[in-house]
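# pasting a predicted model and its sequence here:
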There are 2 protein chains.
Amino acid sequence: MSKYWSPVVQELTPYAPGEQPRISNVIKLNTNENPYGPSPLVLAVLTDNIEKGLRLYPDPDASTLKAAIAKNFSVRPAQVFVGNGSDEVLAHTFQALLKHPDPILFPDITYSFYPVYCRLYGIDYQTIPLTESFEISTGDYLRKNGGIIFPNPNAPTGIAMPLASIESLLMSNPDSVVVIDEAYVDFGGETAIGLVDQYPNLLVVQTLSKSRSLAGLRVGCAIGNAKLIEALERVKNSFNSYPLDRLAIVGAVAAVEDRGYFEQTCRTIVSSREALSTGLKQLGFEVLPSKANFIFARHPKADASRLAQSLREKAILVRHFPYDRIDQFLRISVGTDEECAALIVALKDILYP
Amino acid sequence: MSKYWSPVVQELTPYAPGEQPRISNVIKLNTNENPYGPSPLVLAVLTDNIEKGLRLYPDPDASTLKAAIAKNFSVRPAQVFVGNGSDEVLAHTFQALLKHPDPILFPDITYSFYPVYCRLYGIDYQTIPLTESFEISTGDYLRKNGGIIFPNPNAPTGIAMPLASIESLLMSNPDSVVVIDEAYVDFGGETAIGLVDQYPNLLVVQTLSKSRSLAGLRVGCAIGNAKLIEALERVKNSFNSYPLDRLAIVGAVAAVEDRGYFEQTCRTIVSSREALSTGLKQLGFEVLPSKANFIFARHPKADASRLAQSLREKAILVRHFPYDRIDQFLRISVGTDEECAALIVALKDILYP
């Protein structure tokens, strides 16, 4: 503490991202990165643009990127917002659309950044418990609220919600915004973007960090009714005129446009996920049904925290959350088939020495 | 307006950055960019890093960059904060250090983003008029306040304040933070960074956009007492874990480390500024004494808004602010000697056809 701090600062409990190890030779399955690099077209366009005008500010509106995203999803550019990773897009969303007199609602087990944003902006919230089988039951959200947000598929469970359930929630909750955080949707979920023209209260958030392999370049977006996007633009333009740098803009455009590479990569990861799931079950793990690029699993006879530590000693990083209800689970990002196989071998060594 | 907007959204008056024209063949003297590209070492390191791990998240702490900045300024890494351009650094500063019961103080003529941040975070402020000669008089700031912020050199005047005046202000204002926004300091001003160990209430903000030619890469920083930096980190880590992408981090490190190129570029711009100033005076302009990479000037016989329009028709962009007290001034970024000469020729044509 310090007398110079604004009062809000002492109330904050900052988000702790997964570890980024400084050493190599680690099998890194802890932060849901894509095991494959970005499209070769991204690398080519970045190389082409390094010599071009880094001395000049970027387009503050990133209009080429908005146009590419709009085209990809068959929406209008005015329905697209872009930001410095989906975390920044979410931050602006909390401030611009989720701060109302009534508390906002999100699951008790979900992306742990949501309560952090609430504290940053002084937003009241209530958490709604997942069911016994770790699913979101939309019926539990039918109460007065200032907004609703959850990931689909949810994190860290990986469990997806059918589009019909989302649509029924949108219909029964017309007075506040419903934010669907689709960071992981491309690995088997159904996107709600097709509903934005019908539901003025729907905002869909996506990221290029996972399915488009650009975690290192920091690009996320939101799709929704133009009025919701306008609110985000007003906040963004009161915060930072140019959140996306010149290389991030051109790289993201190339990533969005290379649909073939994107689809191929996602298919490969889904196939690896299914093999990994099978392997874990054979070792005795209970595996939640994942539609994401990670698996959430627990072993009835092994403490999750100790398992994570034992894997770490074998140079394999996975993520363990010491939270209520899920402290016996491990979240394991889907790596290459070789990395997944190495994980299975290591777990076998640990569990059945 | 929309019922879905948080109440703060409708109160916002977003900042309007200078135009980024989509056409080339324009002499662009409107947004204070550096006319020279970044250090060749920056381009080399970017090229080297494109193939390396864009699929992985960046270091959330950008520790290599903090180390490089700390070394450059002879401070400790714990005294350094980095962000996505100095605009983001300033935004976090307003939220983390300038939101208190008393109003904050800044000049009536200054960076026009300051009141925008205040509205975004609900911060009360008072503006203090510059003197008749457009200078900041620190004596005017000796009143109860929640913080003080101004650029040194000031923008858009270009006038610098001596370090002794800043030190006397720091001494007489021990109860709130004094933020010195040094976006333009490298073109002839005196940095206050040498005072951070003595004054726990001093925060210095700098950017790599101007003197290090990296407007397109979005990197800014703040230097101050570790307690002030901790407040900024708490807000940053409650907003976005990874505001600097992998390329921005490595590019910024190279830019900071290449002191020779930086010093040479700054010297060239200062020399061009002095020649431009002389040329403008010869055309009858009143030119404020600039220590920045821009010049603020007015002509007693020509309306500034019309002058800007006439220059635009000759494919030369300068900036005009339609604000009280300065609506007869033009802010002209210092370009290459060739660009400055072309501006002088164009102005001569317009003023003395």
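Looks like it arrived, so ask away.

# care to break chain A down by domain?
A:7-37+A:260-351, A:40-258 (automatic domain parsing).

# winner for burial among these?
Looking across the domains of chain A with neighbours counted as mean count of other Cβ atoms under 10 Å in any protein chain shown, the highest average goes to domain A:40-258: a mean of 21. For glycine as for every other residue, the C-beta is placed from the backbone atoms N, C-alpha and C.

# okay, helices next: where are they in chain A?
In chain A, the segments counted as helices under DSSP state H are A:7-11, A:40-49, A:63-73, A:85-97, A:114-121, A:163-172, A:226-236, A:246-257, A:259-282, A:304-313, A:337-351.

# who are the packing partners of the first one?
Helix A:7-11 makes packing contacts with helix A:114-121, helix B:85-97, helix B:226-236 when contacts are defined by 3 or more Cβ pairs under 8 Å, 6 or more residues apart in numbering or on different chains; DSSP states H and E.

# quick check: mean pLDDT across it?
The pLDDT scores in helix A:7-11 average 92.

# could you do the fifth one as well?
Averaging pLDDT along helix A:114-121 gives 97.

# do stretch A:204-221 as well
Rounded mean pLDDT across stretch A:204-221 is 97.

# next: stretch A:259-276.
Per-residue pLDDT values across stretch A:259-276 average out to 98.

# how far away from the center of its chain is that stretch?
In terms of Cα atoms, centre = their mean, to the nearest Å, the centre of stretch A:259-276 is found 17 Å from the chain centre.

# save the domains of chain A as JSON lines, and put in distance to residue B:225 too.
Below are the domains of chain A laid out as JSON lines (distance: least, Cβ to Cβ, whole Å):
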{"stretch": "domain A:7-37+A:260-351", "distance to residue B:225": "14"}
{"stretch": "domain A:40-258", "distance to residue B:225": "22"}
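
# residue of the stretch 1-150 of chain A closest to chain B, please.
Of all residues in the stretch 1-150 of chain A, residue A:14 sits closest to chain B, at 3.3 Å by Cβ to the nearest Cβ.

# redo the helices and strands packed on helix A:7-11 as TSV? Include distance to residue A:145.
Output for those, formatted as TSV (distance: least, Cβ to Cβ, whole Å):
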stretch	distance to residue A:145
helix A:114-121	13
helix B:85-97	25
helix B:226-236	26
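
# name the residues of the stretch 51-200 of chain A found near chain B, please.
A:51, A:53-60, A:84-85, A:87-88, A:91, A:95-100, A:116-117, A:119-120, A:175-177, A:200 (Cβ under 8 Å from any Cβ of the partner chain).

# re the thing from before, dump the residue contacts of the residue of the stretch 1-150 of chain A closest to chain B.
Neighbour list for residue A:14: A:116, B:233-234, B:236-238 [criterion: Cβ atoms under 8 Å, 6 or more residues apart in numbering or on different chains].

# using CSV, please lay out the helices of chain A together with distance to residue A:156.
Listed next are the helices of chain A as CSV, based on distance: least, Cβ to Cβ, whole Å:
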stretch, distance to residue A:156
helix A:7-11, 25
helix A:40-49, 28
helix A:63-73, 26
helix A:85-97, 16
helix A:114-121, 13
helix A:163-172, 20
helix A:226-236, 26
helix A:246-257, 25
helix A:259-282, 14
helix A:304-313, 12
helix A:337-351, 17
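
# looking at these, spot the one closest to residue B:34.
helix A:246-257 (14.3 Å; Cβ to Cβ).

# export only the CA atoms of stretch A:142-151, formatted as CSV.
Output of stretch A:142-151 as CSV, limited to C-alpha atoms (Å, rounded to 0.1, in the frame of the first residue of the first chain):
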residue,chain,number,x,y,z
LEU,A,142,-33.1,-16.6,-15.2
ARG,A,143,-32.9,-13.9,-12.6
LYS,A,144,-32.5,-10.1,-12.6
ASN,A,145,-28.9,-9.3,-13.7
GLY,A,146,-26.7,-6.6,-15.2
GLY,A,147,-25.3,-9.1,-17.7
ILE,A,148,-24.3,-12.7,-18.2
ILE,A,149,-20.9,-14.0,-19.4
PHE,A,150,-19.5,-17.5,-19.8
PRO,A,151,-17.1,-19.2,-22.2
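
# any residues touching that stretch, and which ones?
A:93, A:97-107, A:110-111, A:114, A:123-124, A:126, A:136, A:141, A:169, A:172-173, A:176-184.

# likewise stretch A:277-289?
Contacts of stretch A:277-289 (Cβ under 8 Å, 6+ apart): A:134, A:157-159, A:290, A:295-301, A:332, A:340-341, A:344, A:347-348, A:351-352.

# try it again with 7 Å
Where contact means Cβ atoms under 7 Å, 6 or more residues apart in numbering or on different chains, the residues beyond stretch A:277-289 that reach it are A:134, A:157-159, A:295-301, A:344, A:347-348, A:351.

# same check on stretch A:59-71?
With contact meaning Cβ under 7 Å, 6+ apart, stretch A:59-71 is reached by A:76-77, A:79-80, A:82, A:221, A:241-242, A:244, A:249, A:252-253, A:256-257, B:17, B:20.

# what is the end-to-end distance of stretch A:329-339?
Distance between the two ends of stretch A:329-339: 20 Å, counting by Cα to Cα, to the nearest Å.

# I'd like the average pLDDT over it.
Stretch A:329-339 shows an average pLDDT of 98 in the prediction.

# ok, it near chain B or not?
No: with Cβ under 7 Å from any Cβ of the partner chain as the criterion, chain B is not reached by stretch A:329-339; the gap is at least 11.2 Å.

# picking that back up, out of the helices of chain A, flag the one nearest residue A:209.
helix A:85-97 (6.6 Å).

# in terms of secondary structure, what does the closest one contact?
Helices and strands touching helix A:85-97, by 3 or more Cβ pairs under 7 Å, 6 or more residues apart in numbering or on different chains; DSSP states H and E, are strand A:80-83, helix A:114-121, strand A:202-207, strand A:220-224, helix A:226-236.

# a markdown table please, covering these and showing distance to residue A:313.
A markdown table is the format used below for these (distance: least, Cβ to Cβ, whole Å):
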| stretch | distance to residue A:313 |
| --- | --- |
| strand A:80-83 | 38 |
| helix A:114-121 | 30 |
| strand A:202-207 | 32 |
| strand A:220-224 | 34 |
| helix A:226-236 | 44 |
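
# is chain B contacted by stretch A:245-264?
Yes: using Cβ under 7 Å from any Cβ, we find that stretch A:245-264 touches chain B at A:245-248.

# which two from those end up farthest apart in space?
Pairwise over these, using Cβ to Cβ, the maximum falls at A:246 and A:248, 7.4 Å.

# what residues do these two have in common as contacts?
Common neighbours of residue A:246 and residue A:248 (criterion: Cβ under 7 Å, 6+ apart): none identified.

# roughly how far out does stretch A:19-33 sit from the chain middle?
Per Cα atoms, centre = their mean, the centroid offset for stretch A:19-33 relative to its chain is 17 Å.
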